[in-house]
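Peer 1: Only the shape, not the letters, is given here:
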């Protein structure tokens, strides 16, 4: 397929987060293919294969940033094997989908009824009641977009 | 690729310039077995033809075969002015050699290669002039200079496979590499059978047929009929003995899959120490057979010192190749996708590890 846009994500939760964020932000279905890699290791080993894909226009990657620097280096090393250079420091453009965490002694049902803290513009786009189960255990910290289009460069933010 | 494998390959890499549709192509790495993928008309079969030509050191007979297989002929006049249609060497050149500086070069990157150039009379030695003065007239390329290392010769641009044009002087060139080309169907040339019958190679052929005909295959043989049969240049045919079946059965009765396996196994026994090219490797094979087919090819290539290049359009073929290459230790399988670019085309090389991931995760690589 020509001009294909693909977003690799680590798991099902990430897929739902991205899909819902996109719907909320853009009011349409994602115009790129989201591929659930079922784990970071599988995503990392597949990165180079996707970068060689015929007709690929854009490849995006969503990973947990528990150890941001180490993961960035791993992704950069994998991309480099395919002659794709990532910058030394990640170009972080979207940070954190915040959700209210239950106060001590407060159960989940209480939390859903409580007013939601509004921490950022991006948070306001997300319905926490729908996303709570998905993002409770993880935070999506970095969206990295690498383009194979040399004219486009590698630093355009993902939307 | 380990160093030992790389050192024993005739073509550890491949550089092609000015040949047919390929203006310039450099494949930085070939494997013991290389699978070529890519869209129609991108140049996969042209790569196989280039390998055949390189292996033959540009032998005029092989040049003529390559042209005739593609119906590339030119109308010419022979010495007594009678018209004749001859294989047209101009068709070998990129854009038919419109640019007179066009040169064909085929060989490993940075290594000894084969070169073909359009040749003019002022370029000929006296001996060449004497020979070429009776060449057919009218071909776009009047004569062709073939070079390999320090060797060089000129042949007519109209490559007639008839006397006197076919009686080129005996070459003192380095010997050509054996290069078997496998097409669809049961091979016509079965002359090699005499060296296979009742040897381990015959068992190898039986084993290969069992991939599609199970354990029913007891034996096979090539038999001579009393004379050529209608519609066939050969009077030989392959017969198979099935267990529980009273008489022999012609191999062709079992369809394209059995023919492909027999042809591949026969070609592998003939190609030891040389090259084997297979166009559309998936022909006739059910998807469940691909992995076993590639195991057979990879093992025989490794053991026989054969370098194999094959083309495919089939995802099942690629998955089978990936699984077999991953399992066969030191088999060194590589997939190269040729991708059209403006201008020309570029290769995308996948290692065994990348192929394994692509097959496991169903990532398109064609």
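Peer 2: Cool, got the structure. In this text, all values refer to a predicted model and were calculated from it rather than measured experimentally.

Peer 1: switch to C-alpha atoms for all contacts and neighbour counts from now on
Peer 2: OK.

Peer 1: in what helix or strand does residue A:31 lie?
Peer 2: Per DSSP states H and E: residue A:31 is located in neither a helix nor a strand.

Peer 1: For it, give its distance to chain B.
Peer 2: Using C-alpha to the nearest C-alpha, to the nearest Å, residue A:31 is found at 19 Å from chain B.

Peer 1: So for that residue, what's the nearest residue that isn't a sequence neighbour?
Peer 2: Nearest non-adjacent residue to residue A:31, counting by C-alpha to C-alpha, 6 or more residues apart in numbering or on different chains: residue A:5, 7.8 Å away.

Peer 1: which ones are touching the one you found?
Peer 2: A:31-33, A:56-60 (C-alpha atoms under 8 Å, 6 or more residues apart in numbering or on different chains).

Peer 1: if you set the cut-off to 7 Å instead, what comes out?
Peer 2: The neighbourhood of residue A:5, defined by C-alpha atoms under 7 Å, 6 or more residues apart in numbering or on different chains, consists of A:32-33, A:56-59.

Peer 1: Quick check, pLDDT for residue 139.
Peer 2: All of this refers to chain A. Looking at residue A:139, its pLDDT stands at 38.

Peer 1: Hmm, no, I was thinking of chain B.
Peer 2: For residue B:139, the model assigns a pLDDT of 72.

Peer 1: So it belongs to a helix, correct?
Peer 2: No. Counting by DSSP: H, G, I helix; E, B strand; the rest coil, residue B:139 is not part of a helix but coil.

Peer 1: does it really touch residue B:156, like I thought?
Peer 2: No. With contacts counted by C-alpha atoms under 7 Å, residue B:139 stays clear of residue B:156, the gap being 8.8 Å.

Peer 1: which of these two has more neighbours?
Peer 2: Neighbour count, other C-alpha atoms under 10 Å in any protein chain shown: between residue B:139 and residue B:156, residue B:156 has more, with 26 against 23.

Peer 1: Give me the neighbour count for the nearest residue to the more buried one once chain neighbours are set aside.
Peer 2: Residue nearest to residue B:156 in three dimensions, not counting chain neighbours: residue B:143, with 4.3 Å by C-alpha to C-alpha, 6+ apart. Residues within reach of residue B:143, counting by other C-alpha under 10 Å, total 24.

Peer 1: Surely residue B:143 and residue B:153 touch.
Peer 2: No. Residue B:143 is beyond contact range of residue B:153, at 10.2 Å (criterion: C-alpha under 7 Å).

Peer 1: So which bits of chain A are right by chain B?
Peer 2: A:46, A:49, A:52-53 (C-alpha under 7 Å from any C-alpha of the partner chain).

Peer 1: quick one: the helix or strand harbouring residue B:34 near chain A?
Peer 2: Using DSSP H and E, residue B:34 sits within strand B:33-38. No. Strand B:33-38 stays clear of chain A (C-alpha under 7 Å from any C-alpha), getting no nearer than 9.1 Å.

Peer 1: Compute the inter-axis angle for the helix or strand following that strand and strand B:33-38.
Peer 2: Sequence order places helix B:44-55 as the next helix or strand after strand B:33-38, per DSSP H and E. Relative orientation of helix B:44-55 and strand B:33-38, computed by axes from the mean of the first three to the mean of the last three C-alpha atoms, to 10 degrees: 140 degrees.

Peer 1: Next, the buried residues of the helix or strand following helix B:44-55.
Peer 2: Next helix or strand after helix B:44-55 toward the C-terminus (DSSP H and E): helix B:60-69. Using 16 or more other C-alpha atoms under 10 Å in any protein chain shown as the test for burial, helix B:60-69 gives B:60, B:62-64, B:66-67.

Peer 1: rewinding a little: may I have the beta-bridge partners of the residue nearest to residue B:156?
Peer 2: Beta-bridge partners for residue B:143, by DSSP bridges, are residue B:119, residue B:156.

Peer 1: what about it, distance to residue B:124?
Peer 2: Noted for residue B:143: a distance of 10 Å to residue B:124, by C-alpha to C-alpha, to the nearest Å.

Peer 1: same question, residue B:306
Peer 2: In terms of C-alpha to C-alpha, residue B:306 sits 37 Å off from residue B:124.
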